[in-house]
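J.: take a look and give me a structure for this.
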Amino acid sequence: MKYTLSGRLWKEGCELVNSNKVKKQKQTTQADGTQLLQASVDSAFGFVHHPGAIYDAGQKTILAYTCDCWKIAEGGFCEHCAALIANAEACGDGNIQIDAYPDANRRLAQKITAKKAASKSDEKTYSGLTVKEDHILSSGNREVTGRMACAFGFYHYPVLVLDEEKIIDYHCDCYQIAENPGLCPHCAALFDYISEENADKEQDKDSKEDTIKDEGTEEKPEKDTVENKKTEEDGTETDEDSADETVTPETPEKTEDSDREDSSDANNTDHIGENDDTENTDDRSNTDTENQEDDTSEETVKDDGDEEEDDDSDTSTDPGLEGEEFHEPCSMKILLGHNPKDNSSVYWYPNDTEQLVHVNTGIIGTMGTGKTQFTKSLITQLFRQQYNNFDGRPLSMLIFDYKGDYNLSKEDFVRATRAKVLGLHNLPFNPMSLRGLKVKPQLPYHVASAFANILTKIYHLGPVQNNLLLDSIIRAYNRRGITSDPDTWNRPAPTFEDVYQIYQEGTPKQDALYSAMYALHQFEIFEKDPAKTQSLFAMLDGVTVLDLSGYDSRIQNLTVAITLELFCSQMLGSGSSRSNAKYRQLTRLILVDEADNIMSEGFPALKTIMKEGREFGVGTILSTQSLKHFGIGEEDYASYILTWIVHAVPDLKKSDVEYLLKTAPGQAEQLSQEIARLPKHHSIARVGNTDPVFMEDTPFWKIADDIMQTYLEEEESVEENEDESKKEGDSEEKQNE
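T.: Predicted coordinates for the structure are as follows:
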């Protein structure tokens, strides 16, 4: 499907080129005249990405593309690939076409990722790949497990199940497998290695057969058949025999020494052939020489074993990526504020599962209490700390901005977070898209039904109108060739404009449904051309702000509800986020400012995201002016929240305080009065199961320009000084003793 590279991506690519972020660009002209382009691109927080592309410079068309960034894994086109093309075009006028299909992209990824190393070691190392296990299953199929060295010292473990040379199953522990139905680069590299290994074996086999055939045609000296037979049976040979048999070597006789060497080889198969020079078919009459050689052989085996053990234990660096440090899984560190009593810091560790089971957060405060400043600070710190995410994965954040507190008019916030602000016009994702969703029977109907239900709830449609809308959506799918057959679900989905045109064909009545459809059509909220759309998850890159300000409340809530529904569907279709015993990876975060607007509608997608998002590394931040907006009963959003930041609220009831801050009944009355009197930029924080604490917030204006995060360094230096003082005190006590 051919489409034009967006101006935004071209601009981002040119910015990377102009700032000298594109390094080591290689350009190879292929037999068909196209160019194979490769480069490394420096990105934020020290990350380096490696885009590749097949480019037709004459037609200014990209025929295939790949990159090791997460956007490509989720079906999008990244700024690194855009920079690759921009560098080749010397940042011309753009107007680049993309005519790439998934198979072409996959083949290119295999070609680049699975490039064979200059020489294979006895451990079968292949561009950072080591074959760890290779065995036959009970089914008769072959299962091969690899260990692939990747960026930042990480290792992934691809597994292939093969029927001869055909892949019948595959999996890997990388997130790309979870979010992309195709082979990940690690599985592709393993398969490429196995294929070449099989080819090498076939070539060796043919070569041996040719050698045997050639040897069989050579003339041999005449020998007495009986004498030769007797010699073979006795296991002895004369000097004359040895000279004559140099053309066709006999199998070496098996001595006690060779038994020992065979035993050593069985225990150290990875190093077969290393000590072949110590073998000798001559008679060994010197016992001391035999013992010395035996000791040498045993020491060699022991040393080799030590080398293997050291290699496995050394995870500080990536053997295939010199100079890149191993990135230990840890947690982002967010400075919420300080306790005014002792000036101690209040930290939030969103990856630390010992502190928090999930990161859903509620922020409460009336106008003028510093709620927005605190929330901006929280988002900015998360953006700056994402390199400390589990395995360093970038964190995507989606902000629904009802009042315009995060839009382009707030240049300081946009600059600090490099936010991408989108207005409600031609949003580049398609709410009808089936791409990236969890597969289930009648998937198009489920998507159509969810869209129809959202419009029905917001515009108060009746059952007849709901069915009419649902029928229009299903017909739009059918016109695009999409049916209940899963094989059709990869086809371009219809857009809202397609649905509107079908709806208009039926001469609709002037009713509530007509008003809703007409409003969406006139505002052109979603992109009309499916070729210009991408999956929602691919669009969410860094901090993305949906600027809802200035629109009718129904249009605002409709956009938020549709986006949350699509987000929820793609979340459930993605894989679980990575984790270990202590830390969990965060993948995406949603902030709903003035969340009472959407919570009051009771859309199920928001509750599903809050309830099930933890498994997928998804968290939600809801900011509103009162606790009552979080509802009770079936609409009790508060039950899904573990972190509370409460600013001044005059009408907070004693029962609310007991529920929110988990305090004793005797404390709740006094605490509710103190909350009502909180000064600006002050709040009460309860993180997880910890006791609530009064704190002075860390507002955004204090950290906006502090990109070096010295506010964290100062805290660390204070802690270090305290530790030093404690050590000195302990030392003095010991001396006194």
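J.: residues touching A82, list them.
T.: With contact set as C-beta atoms under 8 Å, 6 or more residues apart in numbering, A82 has these partners: L5, L9, W10, E12, G13, C14, L16. Quick note: C-beta positions are derived from backbone N, CA and C, even for glycine.
J.: ok, now with 10 Å
T.: By C-beta atoms under 10 Å, 6 or more residues apart in numbering, the residues touching A82 are 5-6, 8-17, 41, 51, 53, 62, 65, 94, 96.
J.: would you write a PyMOL line that selects the buried entries of those?
T.: The following PyMOL line selects those of the contacts of A82 that are buried, judged by 16 or more other C-beta atoms under 10 Å:
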select buried, resi 5+6+9+10+12+13+14+16+17+41+51+53+62+65+94+96
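J.: which of the contacts of A82 fall within helices?
T.: R8, L9, W10, K11, E12, G13, C14, E15, L16, V17 (DSSP state H).
J.: I'd like the residues you listed written out as a markdown table, with pLDDT and distance to S553 added.
T.: What follows is these, written out as a markdown table (pLDDT from 0 to 100; distance: C-beta to C-beta, whole Å):
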| residue | pLDDT | distance to S553 |
| --- | --- | --- |
| R8 | 82 | 29 |
| L9 | 86 | 33 |
| W10 | 88 | 36 |
| K11 | 87 | 33 |
| E12 | 87 | 33 |
| G13 | 89 | 38 |
| C14 | 90 | 39 |
| E15 | 88 | 37 |
| L16 | 89 | 40 |
| V17 | 88 | 43 |
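J.: can you give the strand pairings for the host helix or strand of V421, parallel or anti for each?
T.: Using DSSP states H and E, V421 sits within strand 420-423. Strand 420-423 has the following sheet partners, assigned by DSSP bridges: strand 543-547 (parallel).
J.: buried set for the next helix or strand after the strand it pairs with?
T.: Heading C-terminal from strand 543-547, the first helix or strand you meet, by DSSP H and E, is helix 553-573. Going by neighbour count (16+ other C-beta under 10 Å), the buried part of helix 553-573 is 555-573.
J.: now do P492 against R479, distance only.
T.: 11 Å (C-beta to C-beta, to the nearest Å).
J.: more crowded one of these two?
T.: P492 (18 against 12; other C-beta atoms under 10 Å).
J.: show me where the stretch 451-600 of the chain has its strands.
T.: 543-547, 588-593 (DSSP state E, counting those that start in this stretch).
J.: so of these, which one's packed in deepest?
T.: Of all the strands of the stretch 451-600 of the chain, strand 588-593 carries the top mean neighbour count, a mean of 24, counting by mean count of other C-beta atoms under 10 Å.
J.: how big is the angle separating it from helix 553-573?
T.: 160 degrees (axes from the mean of the first three to the mean of the last three C-alpha atoms, to 10 degrees).
J.: so which elements touch strand 588-593?
T.: strand 361-364, helix 371-384, strand 396-401, strand 543-547, helix 553-573, helix 604-612, strand 618-624 (3 or more C-beta pairs under 10 Å, 6 or more residues apart in numbering; DSSP states H and E).
J.: save the ones you listed as a markdown table, and put in distance to K653 and mean pLDDT too.
T.: Formatted as a markdown table, those follow (distance: least, C-beta to C-beta, whole Å; pLDDT from 0 to 100):
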| stretch | distance to K653 | mean pLDDT |
| --- | --- | --- |
| strand 361-364 | 13 | 94 |
| helix 371-384 | 19 | 96 |
| strand 396-401 | 28 | 96 |
| strand 543-547 | 33 | 96 |
| helix 553-573 | 28 | 93 |
| helix 604-612 | 23 | 92 |
| strand 618-624 | 16 | 95 |
